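1. Sequence first, predicted model second:
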Amino acid sequence: MESSVRVESAVRPVTAQERDARAAANAGEPTLDFPDRIPYDTYTHASTLHRLQQPVSGDPGEMSFLMVSQIMELYFGLTCYELREAQRLLRADEIWPSLAPLRRAALHLEGLNAAWQGLRWMTPADFNRFRNLLGEGSGFQSAMYRQLEFLLGLKTASLVRPFRRQPDVHAELVATLRAPSLWDDTVALLARHGHDIPAHLLDRDFGTEHEPHELVEAAWVRIYRHPGPDNHLRLLGEALTEVADRFGDWRYQHLRAVQRTMGNKVGSGGSAGVTWLQRSMARTVFPELWSARTDM
(Lines give C-alpha, C1' and ligand atoms only; values in the text may rest on other atoms or scores of the structure.)
Protein backbone atom coordinates (compact mmCIF):
# COMPACT_ATOMS: atom_id res chain seq x y z
CA MET A 1 0.00 0.00 0.00
CA GLU A 2 2.80 2.44 0.84
CA SER A 3 4.43 2.03 -2.59
CA SER A 4 1.16 2.75 -4.40
CA VAL A 5 0.70 5.90 -2.34
CA ARG A 6 4.19 7.07 -3.33
CA VAL A 7 3.45 6.47 -7.01
CA GLU A 8 0.16 8.35 -6.89
CA SER A 9 1.73 11.35 -5.14
CA ALA A 10 4.64 11.45 -7.60
CA VAL A 11 2.66 11.23 -10.85
CA ARG A 12 0.96 14.54 -11.60
CA PRO A 13 -2.52 13.98 -13.06
CA VAL A 14 -3.41 15.92 -16.21
CA THR A 15 -6.72 16.61 -17.90
CA ALA A 16 -7.70 16.08 -21.52
CA GLN A 17 -7.56 19.86 -22.01
CA GLU A 18 -4.00 19.99 -20.68
CA ARG A 19 -2.95 17.21 -23.03
CA ASP A 20 -4.48 19.03 -25.98
CA ALA A 21 -2.71 22.24 -24.99
CA ARG A 22 0.64 20.45 -24.66
CA ALA A 23 0.20 18.79 -28.08
CA ALA A 24 -0.59 22.17 -29.65
CA ALA A 25 2.45 23.80 -28.00
CA ASN A 26 4.66 20.95 -29.20
CA ALA A 27 3.26 21.09 -32.74
CA GLY A 28 2.46 17.37 -32.44
CA GLU A 29 5.95 16.34 -31.32
CA PRO A 30 6.47 14.44 -28.04
CA THR A 31 7.45 16.33 -24.91
CA LEU A 32 11.19 16.03 -24.33
CA ASP A 33 11.79 18.20 -21.26
CA PHE A 34 10.42 17.52 -17.78
CA PRO A 35 11.08 19.42 -14.55
CA ASP A 36 11.55 16.21 -12.53
CA ARG A 37 11.87 12.48 -13.10
CA ILE A 38 10.40 11.19 -16.38
CA PRO A 39 6.70 10.47 -15.69
CA TYR A 40 6.80 7.02 -17.32
CA ASP A 41 9.60 5.89 -15.03
CA THR A 42 7.88 7.45 -12.03
CA TYR A 43 4.81 5.32 -12.73
CA THR A 44 6.35 2.02 -13.93
CA HIS A 45 9.65 2.10 -11.99
CA ALA A 46 11.23 0.72 -15.17
CA SER A 47 14.71 1.85 -14.15
CA THR A 48 14.34 -0.15 -10.93
CA LEU A 49 13.07 -3.22 -12.78
CA HIS A 50 16.07 -3.20 -15.09
CA ARG A 51 18.47 -3.13 -12.15
CA LEU A 52 17.02 -6.28 -10.62
CA GLN A 53 18.94 -8.68 -12.86
CA GLN A 54 22.05 -9.90 -11.08
CA PRO A 55 23.47 -12.92 -12.93
CA VAL A 56 25.79 -15.20 -10.99
CA SER A 57 27.88 -16.28 -13.99
CA GLY A 58 29.51 -14.74 -17.02
CA ASP A 59 27.46 -16.87 -19.40
CA PRO A 60 25.34 -14.63 -21.67
CA GLY A 61 22.50 -17.16 -21.76
CA GLU A 62 21.91 -16.83 -18.05
CA MET A 63 20.29 -13.43 -18.56
CA SER A 64 17.47 -15.09 -20.52
CA PHE A 65 16.94 -17.65 -17.76
CA LEU A 66 16.97 -15.02 -15.03
CA MET A 67 14.77 -12.46 -16.73
CA VAL A 68 12.19 -14.99 -17.97
CA SER A 69 11.98 -16.28 -14.40
CA GLN A 70 11.33 -12.73 -13.16
CA ILE A 71 8.72 -12.15 -15.87
CA MET A 72 6.95 -15.32 -14.78
CA GLU A 73 6.98 -14.10 -11.17
CA LEU A 74 5.21 -10.91 -12.27
CA TYR A 75 2.62 -12.94 -14.18
CA PHE A 76 2.07 -15.17 -11.14
CA GLY A 77 1.36 -12.09 -9.05
CA LEU A 78 -0.92 -10.54 -11.67
CA THR A 79 -2.93 -13.74 -12.07
CA CYS A 80 -3.31 -14.04 -8.30
CA TYR A 81 -4.55 -10.45 -8.19
CA GLU A 82 -7.28 -11.24 -10.75
CA LEU A 83 -8.33 -14.46 -9.03
CA ARG A 84 -8.71 -12.65 -5.70
CA GLU A 85 -10.88 -10.04 -7.38
CA ALA A 86 -13.02 -12.81 -8.87
CA GLN A 87 -13.33 -14.36 -5.41
CA ARG A 88 -14.45 -11.06 -3.92
CA LEU A 89 -17.19 -10.73 -6.52
CA LEU A 90 -18.38 -14.32 -6.27
CA ARG A 91 -18.67 -14.02 -2.50
CA ALA A 92 -20.99 -11.07 -3.12
CA ASP A 93 -23.02 -13.09 -5.69
CA GLU A 94 -21.79 -10.79 -8.46
CA ILE A 95 -21.44 -13.51 -11.10
CA TRP A 96 -21.50 -11.36 -14.24
CA PRO A 97 -18.84 -8.89 -12.98
CA SER A 98 -16.65 -11.81 -11.88
CA LEU A 99 -16.27 -12.93 -15.49
CA ALA A 100 -14.04 -9.95 -16.35
CA PRO A 101 -11.20 -10.72 -13.89
CA LEU A 102 -11.44 -14.42 -14.77
CA ARG A 103 -11.08 -13.65 -18.46
CA ARG A 104 -8.17 -11.34 -17.72
CA ALA A 105 -6.57 -14.09 -15.62
CA ALA A 106 -6.82 -16.51 -18.54
CA LEU A 107 -5.15 -13.95 -20.82
CA HIS A 108 -2.40 -13.34 -18.27
CA LEU A 109 -1.81 -17.08 -18.18
CA GLU A 110 -1.44 -16.98 -21.97
CA GLY A 111 1.26 -14.35 -21.51
CA LEU A 112 2.86 -16.54 -18.85
CA ASN A 113 2.87 -19.48 -21.26
CA ALA A 114 4.40 -17.35 -24.01
CA ALA A 115 7.34 -16.56 -21.72
CA TRP A 116 8.52 -20.16 -22.11
CA GLN A 117 9.37 -19.40 -25.73
CA GLY A 118 12.29 -17.29 -24.52
CA LEU A 119 13.96 -20.43 -23.18
CA ARG A 120 13.47 -22.80 -26.10
CA TRP A 121 17.09 -22.27 -27.15
CA MET A 122 18.41 -23.83 -23.94
CA THR A 123 19.98 -27.30 -24.19
CA PRO A 124 21.39 -29.30 -21.26
CA ALA A 125 24.87 -28.03 -22.17
CA ASP A 126 23.61 -24.42 -22.16
CA PHE A 127 21.99 -24.82 -18.74
CA ASN A 128 24.93 -26.70 -17.26
CA ARG A 129 27.21 -23.72 -17.90
CA PHE A 130 25.64 -21.89 -14.96
CA ARG A 131 23.31 -24.37 -13.23
CA ASN A 132 25.71 -25.33 -10.42
CA LEU A 133 26.12 -21.65 -9.49
CA LEU A 134 22.38 -21.46 -8.70
CA GLY A 135 22.96 -23.74 -5.70
CA GLU A 136 19.65 -25.11 -4.41
CA GLY A 137 17.62 -22.32 -6.02
CA SER A 138 14.56 -23.74 -7.76
CA GLY A 139 11.27 -22.51 -9.18
CA PHE A 140 9.69 -24.92 -6.69
CA GLN A 141 10.53 -22.28 -4.07
CA SER A 142 8.44 -19.53 -5.69
CA ALA A 143 6.09 -18.17 -3.03
CA MET A 144 3.90 -16.44 -5.60
CA TYR A 145 3.48 -19.61 -7.64
CA ARG A 146 2.46 -21.36 -4.43
CA GLN A 147 -0.10 -18.59 -3.83
CA LEU A 148 -1.46 -19.28 -7.32
CA GLU A 149 -1.77 -23.00 -6.67
CA PHE A 150 -3.54 -22.42 -3.34
CA LEU A 151 -5.98 -19.96 -4.91
CA LEU A 152 -6.79 -22.53 -7.60
CA GLY A 153 -7.45 -25.15 -4.92
CA LEU A 154 -4.23 -27.17 -5.08
CA LYS A 155 -3.58 -27.22 -1.33
CA THR A 156 -0.55 -28.92 0.27
CA ALA A 157 0.17 -27.65 3.77
CA SER A 158 3.78 -28.90 3.85
CA LEU A 159 4.73 -26.64 0.93
CA VAL A 160 4.69 -23.53 3.13
CA ARG A 161 7.57 -24.89 5.24
CA PRO A 162 10.42 -23.50 3.08
CA PHE A 163 9.22 -19.96 3.87
CA ARG A 164 9.32 -20.16 7.66
CA ARG A 165 12.34 -17.83 7.85
CA GLN A 166 10.48 -15.19 5.80
CA PRO A 167 7.74 -14.33 8.32
CA ASP A 168 5.66 -12.04 6.11
CA VAL A 169 5.75 -14.38 3.12
CA HIS A 170 5.01 -17.38 5.35
CA ALA A 171 2.05 -15.66 7.01
CA GLU A 172 0.54 -14.71 3.65
CA LEU A 173 0.90 -18.26 2.36
CA VAL A 174 -0.64 -19.76 5.49
CA ALA A 175 -3.56 -17.34 5.22
CA THR A 176 -4.21 -18.34 1.59
CA LEU A 177 -3.81 -22.03 2.44
CA ARG A 178 -6.41 -21.85 5.20
CA ALA A 179 -8.88 -19.65 3.31
CA PRO A 180 -11.42 -20.93 0.76
CA SER A 181 -9.97 -21.33 -2.71
CA LEU A 182 -11.63 -19.92 -5.81
CA TRP A 183 -13.22 -23.33 -6.33
CA ASP A 184 -14.49 -23.44 -2.73
CA ASP A 185 -16.12 -20.05 -3.30
CA THR A 186 -17.65 -21.33 -6.53
CA VAL A 187 -19.09 -24.40 -4.81
CA ALA A 188 -20.55 -22.16 -2.09
CA LEU A 189 -22.08 -19.97 -4.81
CA LEU A 190 -23.79 -23.02 -6.34
CA ALA A 191 -25.31 -23.81 -2.96
CA ARG A 192 -26.62 -20.26 -2.57
CA HIS A 193 -28.22 -20.57 -6.01
CA GLY A 194 -30.26 -23.59 -5.00
CA HIS A 195 -28.07 -26.49 -6.01
CA ASP A 196 -27.87 -29.49 -3.69
CA ILE A 197 -24.39 -29.18 -2.23
CA PRO A 198 -23.44 -31.26 0.83
CA ALA A 199 -22.98 -29.20 3.99
CA HIS A 200 -19.59 -30.75 4.71
CA LEU A 201 -18.20 -29.17 1.52
CA LEU A 202 -19.27 -25.72 2.70
CA ASP A 203 -17.99 -25.94 6.27
CA ARG A 204 -14.72 -27.82 6.18
CA ASP A 205 -11.00 -27.42 6.75
CA PHE A 206 -10.05 -25.29 3.74
CA GLY A 207 -6.39 -25.98 4.39
CA THR A 208 -6.92 -29.35 2.73
CA GLU A 209 -7.64 -29.99 -0.91
CA HIS A 210 -11.25 -30.16 -2.09
CA GLU A 211 -12.43 -33.73 -2.64
CA PRO A 212 -14.54 -34.05 -5.82
CA HIS A 213 -18.19 -34.83 -5.12
CA GLU A 214 -20.89 -36.26 -7.38
CA LEU A 215 -23.44 -33.62 -6.33
CA VAL A 216 -21.14 -30.77 -7.39
CA GLU A 217 -20.67 -32.59 -10.70
CA ALA A 218 -24.45 -33.02 -11.05
CA ALA A 219 -24.95 -29.29 -10.42
CA TRP A 220 -22.71 -28.43 -13.37
CA VAL A 221 -24.51 -30.94 -15.59
CA ARG A 222 -27.80 -29.16 -14.83
CA ILE A 223 -26.26 -25.72 -15.34
CA TYR A 224 -24.90 -26.59 -18.76
CA ARG A 225 -28.27 -27.81 -20.02
CA HIS A 226 -29.27 -24.18 -20.59
CA PRO A 227 -26.90 -22.49 -23.05
CA GLY A 228 -28.65 -19.10 -23.18
CA PRO A 229 -26.79 -15.82 -22.53
CA ASP A 230 -28.73 -15.24 -19.31
CA ASN A 231 -27.28 -18.38 -17.72
CA HIS A 232 -24.47 -16.64 -15.87
CA LEU A 233 -23.47 -19.76 -13.98
CA ARG A 234 -22.73 -21.48 -17.28
CA LEU A 235 -20.66 -18.49 -18.39
CA LEU A 236 -18.85 -18.71 -15.05
CA GLY A 237 -18.16 -22.38 -15.68
CA GLU A 238 -16.61 -21.58 -19.05
CA ALA A 239 -14.50 -18.75 -17.64
CA LEU A 240 -13.20 -21.05 -14.92
CA THR A 241 -12.53 -23.77 -17.49
CA GLU A 242 -10.43 -21.36 -19.51
CA VAL A 243 -8.36 -20.46 -16.45
CA ALA A 244 -7.82 -24.13 -15.60
CA ASP A 245 -6.96 -24.93 -19.22
CA ARG A 246 -4.35 -22.18 -19.51
CA PHE A 247 -2.86 -23.15 -16.14
CA GLY A 248 -2.64 -26.73 -17.37
CA ASP A 249 -0.78 -25.46 -20.44
CA TRP A 250 1.75 -23.77 -18.17
CA ARG A 251 2.34 -26.94 -16.16
CA TYR A 252 2.82 -28.95 -19.35
CA GLN A 253 5.24 -26.41 -20.82
CA HIS A 254 7.16 -26.40 -17.54
CA LEU A 255 7.51 -30.16 -17.78
CA ARG A 256 8.69 -29.97 -21.39
CA ALA A 257 11.20 -27.22 -20.58
CA VAL A 258 12.67 -29.34 -17.79
CA GLN A 259 12.84 -32.37 -20.09
CA ARG A 260 14.56 -30.27 -22.75
CA THR A 261 17.19 -28.78 -20.44
CA MET A 262 17.68 -31.47 -17.78
CA GLY A 263 16.28 -34.78 -18.97
CA ASN A 264 15.64 -36.96 -15.92
CA LYS A 265 18.24 -35.34 -13.67
CA VAL A 266 17.18 -34.52 -10.11
CA GLY A 267 15.83 -31.02 -9.58
CA SER A 268 17.98 -28.22 -8.16
CA GLY A 269 15.65 -27.96 -5.18
CA GLY A 270 16.01 -31.63 -4.27
CA SER A 271 12.93 -33.02 -6.03
CA ALA A 272 12.82 -35.89 -8.51
CA GLY A 273 12.59 -33.33 -11.33
CA VAL A 274 10.41 -34.60 -14.20
CA THR A 275 8.79 -37.27 -12.02
CA TRP A 276 7.74 -34.66 -9.46
CA LEU A 277 6.24 -32.44 -12.17
CA GLN A 278 4.33 -35.35 -13.67
CA ARG A 279 2.78 -36.11 -10.29
CA SER A 280 1.86 -32.46 -9.87
CA MET A 281 0.16 -32.38 -13.26
CA ALA A 282 -2.10 -35.25 -12.21
CA ARG A 283 -3.87 -32.95 -9.73
CA THR A 284 -6.89 -31.42 -11.47
CA VAL A 285 -7.91 -27.78 -11.09
CA PHE A 286 -11.72 -27.37 -10.69
CA PRO A 287 -12.24 -31.16 -10.98
CA GLU A 288 -16.03 -31.40 -11.28
CA LEU A 289 -16.07 -28.94 -14.18
CA TRP A 290 -14.13 -31.56 -16.14
CA SER A 291 -15.77 -34.75 -14.88
CA ALA A 292 -19.27 -33.31 -15.48
CA ARG A 293 -18.58 -33.13 -19.22
CA THR A 294 -19.00 -36.89 -19.50
CA ASP A 295 -22.71 -36.53 -18.68
CA MET A 296 -23.39 -33.24 -20.44
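-> It's in. Residues are numbered from 1 along each chain as shown.
2. Show the residue spans covered by the helices in the stretch 51-200 of the chain.
-> 62-91, 95-115, 124-128, 143-152, 167-178, 182-192, 199-202 (DSSP state H, counting those that start in this stretch).
3. ok, residue 95 touching residue 190?
-> No. Using CB atoms under 8 Å, residue 95 is not in contact with residue 190; the gap is 10.8 Å. (Glycine included, C-beta is placed from N, CA and C.)
4. closest to residue 17 out of the helices of the stretch 51-200 of the chain?
-> Smallest distance to residue 17 across the helices of the stretch 51-200 of the chain (CB to CB): 30.4 Å, for helix 95-115.
5. Check which helices and strands that closest one sits against.
-> If contacts are counted by 3 or more CB pairs under 8 Å, 6 or more residues apart in numbering; DSSP states H and E, helix 95-115 sits against helix 62-91, helix 232-262.
6. Identify each buried residue in the last one, please.
-> Along helix 232-262, these residues count as buried under the neighbour rule (16 or more other CB atoms under 10 Å): 232-237, 239-244, 246-247, 250-251, 253-255, 257-258, 261-262.
7. Please apply the same query to the first one.
-> Residues of helix 62-91 classed as buried by neighbour count (16+ other CB under 10 Å): 62, 65-68, 72, 75-76, 78-80, 82-87, 89-90.
8. How about stretch 49-63?
-> Of all the residues in stretch 49-63, those buried under the rule 16+ other CB under 10 Å are 57, 59, 61-62.
9. before we move on, what about stretch 216-223?
-> 216-220, 223.
10. just stretch 157-173 next, same as before
-> For stretch 157-173, using 16+ other CB under 10 Å, the buried residues are 159-160, 162-163, 169-170, 172-173.
11. Would you reformat those residues as JSON lines and include pLDDT?
-> As requested, the buried residues of stretch 157-173 are arranged in JSON lines below (pLDDT from 0 to 100):
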{"residue": "159", "pLDDT": "92"}
{"residue": "160", "pLDDT": "95"}
{"residue": "162", "pLDDT": "92"}
{"residue": "163", "pLDDT": "94"}
{"residue": "169", "pLDDT": "97"}
{"residue": "170", "pLDDT": "97"}
{"residue": "172", "pLDDT": "98"}
{"residue": "173", "pLDDT": "97"}
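12. of all those residues, which comes closest to residue 281?
-> Nearest to residue 281 among the buried residues of stretch 157-173, counting by CB to CB, is residue 159 at 15.7 Å.
13. Correct me if wrong: that closest one contacts residue 146.
-> Yes. With contacts counted by CB under 8 Å, residue 159 reaches residue 146, the gap being 5.8 Å.
14. Nearest to residue 112 among the buried residues of stretch 216-223?
-> For the buried residues of stretch 216-223, the nearest to residue 112 is residue 220 (26.4 Å; CB to CB).
15. Quick check: the closest one vs residue 86, distance?
-> Using CB to CB, to the nearest Å, residue 220 is found at 17 Å from residue 86.
16. Repeat that for residue 232.
-> Distance from residue 232 to residue 86, counting by CB to CB: 13 Å.
17. Pull the distance from the strand or helix carrying residue 221 to the chain's centre.
-> Per DSSP states H and E, residue 221 falls inside helix 214-223. The chain centroid and the centroid of helix 214-223 are separated by 27 Å under CA atoms, centre = their mean, to the nearest Å.
18. Stretch 52-67 too?
-> The mean C-alpha position of stretch 52-67 is separated from the chain mean by 24 Å, CA atoms, centre = their mean.
19. again, but for stretch 228-244
-> Using CA atoms, centre = their mean, the offset of stretch 228-244 from its chain centre is 19 Å.
20. mean confidence for it?
-> Across stretch 228-244, pLDDT averages out at 97.
21. cool, stretch 79-86 as well?
-> Here the average pLDDT along stretch 79-86 is 98.
22. now swap in stretch 131-146 and tell me
-> Mean pLDDT, computed over stretch 131-146, is 88.
23. same question, stretch 205-213
-> Taken as a whole, stretch 205-213 has a mean pLDDT of 96.
24. And stretch 29-45, by the same measure?
-> Taken as a whole, stretch 29-45 has an average pLDDT of 89.
25. May I have the distance across it, first residue to last?
-> Across stretch 29-45, the terminal residues are separated by 24 Å (CA to CA, to the nearest Å).
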